[in-house]
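**Student:** Here is my input; please provide its structure:
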Amino acid sequence: MALKQQPYGHLPDGRKTDLYILTNVNDVEVSATNYGGIITSIKTPDQNGVFKNIVLGLGSFREYLKNDPYLGALVGRVSNRISNARFNLDGKTYKLAKNEGENHLHGGLVGFEKILWEVEVVDDQSISLSYVSPDGEEGYPGNLHVSVTYTLDNDNKLTLDFGAMTDQATPISFTSHGYFNLTGDPSKNIHDHQLKLNADSYTPTDQELIPTGAVDSVEDTPLDFREFKSIGKDIGQTKLGFDNNFVLNKSEGELALAAEVEEPQSGRRMNVYTSMPCIQLYTGNYLDNSLQSPEGIPFRKHCAFCLEPQHYPDAPNRPEFPSGILRPGKNYRAKIVYEFL
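**Tutor:** Numbering: from 1, shown residues only. Next up is the predicted model:
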């Protein structure tokens, strides 16, 4: 059990990045860099004790500088989409960066995934990342102090503990954008992965994936994962694959089981717990072979899935949804826990 720190690369302006490698007593290993808080690798054993990386990662730091799909990155200030790249708050209109057509996606042109975070080594199993997002960054109000602690414990749980404070009211919805393939082989698609979600409802969207404001039942839809079902079973009934927000069956702020995943060939399993109210299922619909693993395997459509705990998408523009606004004097706290079985 140890924490290793090693040089990882340099930004164009010369600032250096580091890679932090957390290992527990079971030899499970998590690697993350202070650039974007990106989790570059999670190595876990299969049923025969063979360790493989179960997340999509790139071969060098240089490749992460053009990381369009947010591979393994922290996302903020607001994950998912904000319609028309604007919102009204306390009588004022805020215009955000447009980076998906007319809409704002995952924090904008330079979101948290492109930030060099400050890092403090907490102990052999934890690192803490921090960043001050200045007032007006990507159009958001307020100086926002953000921290995320990554902890790998000896029960094979990776916990992301989020905290934030602001000096002006501002919307926030953080997440981690890991792309998982529990086979450990990204040349294989994820259609045979068995998924169960603790969600009776979802938020329907329009053609631009903007929520309509409704919350509908998953019953009799391809989105019904209330019992274990292969990801591929109903994926053909979608346009490109799954890219949907589910409303979790839980109390506000409660840390609860959100998702369970099993991969039958390797025997690997993963549970996702969160204190956030929603989770986005995304099946790598826009991966297009332009990125590849360190072994040279291209990342193609449906070679990985994301389970992104989050607040309600487009909440600043949807009075029907909980607001997701953080105000001065309040401490924001949230957790995501990935349990590897």
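**Student:** okay, Met1: pLDDT?
**Tutor:** You'll see Met1 listed with a pLDDT of 65.
**Student:** Could you do Ile325 as well?
**Tutor:** 98.
**Student:** For it, the count of nearby residues, please.
**Tutor:** 17 (other CB atoms under 10 Å). (C-beta placed from N, C-alpha, C; glycine too.)
**Student:** so it makes contact with Thr166?
**Tutor:** No: with contact defined as CB atoms under 8 Å, Ile325 does not reach Thr166; the gap is 9.5 Å.
**Student:** for this protein, what spans make up the helices?
**Tutor:** 61-64 (DSSP state H).
**Student:** Contacts only, for Asn317.
**Tutor:** Counting by CB atoms under 8 Å, 6 or more residues apart in numbering, Asn317 makes contact with 82-84, 87-88.
**Student:** Which single one of those is nearest to Pro141?
**Tutor:** Pro141 has its nearest neighbour among the contacts of Asn317 in Phe87, at 10.0 Å by CB to CB.
**Student:** nearest spatial neighbour of that closest one, skipping sequence neighbours?
**Tutor:** Distances taken as CB to CB, 6 or more residues apart in numbering place Pro316 nearest to Phe87, at 3.5 Å, with adjacent residues excluded.
**Student:** Let me know the pLDDT of that neighbour.
**Tutor:** Looking at Pro316, its pLDDT is 96.
**Student:** got the contact list for it?
**Tutor:** Counted by CB under 8 Å, 6+ apart, Pro316 has contacts 78, 82, 87-89, 171, 323-325.
**Student:** For ChimeraX, what selects the buried ones among those residues?
**Tutor:** Buried subset of the contacts of Pro316, written as a ChimeraX selection, criterion 16 or more other CB atoms under 10 Å:
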select :78,82,87,89,171,324,325
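**Student:** Make JSON lines from the contacts of Pro316 and add distance to Pro222 to it.
**Tutor:** Converted to JSON lines, the contacts of Pro316 look like this (distance: CB to CB, whole Å):
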{"residue": "Val78", "distance to Pro222": "27"}
{"residue": "Ile82", "distance to Pro222": "26"}
{"residue": "Phe87", "distance to Pro222": "30"}
{"residue": "Asn88", "distance to Pro222": "34"}
{"residue": "Leu89", "distance to Pro222": "35"}
{"residue": "Pro171", "distance to Pro222": "30"}
{"residue": "Ser323", "distance to Pro222": "30"}
{"residue": "Gly324", "distance to Pro222": "27"}
{"residue": "Ile325", "distance to Pro222": "33"}
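**Student:** Could you point out which of the contacts of Pro316 is nearest to Pro211?
**Tutor:** For those, the nearest to Pro211 is Ile82 (10.5 Å; CB to CB).
**Student:** show me the contacts for the nearest residue to that closest one once chain neighbours are set aside.
**Tutor:** Sequence neighbours aside, His104 is the residue nearest to Ile82 in space, at 4.2 Å (criterion: CB to CB, 6+ apart). For His104, the contact set (CB under 8 Å, 6+ apart) comprises 78, 81-82, 85-86, 96-98, 138-139.
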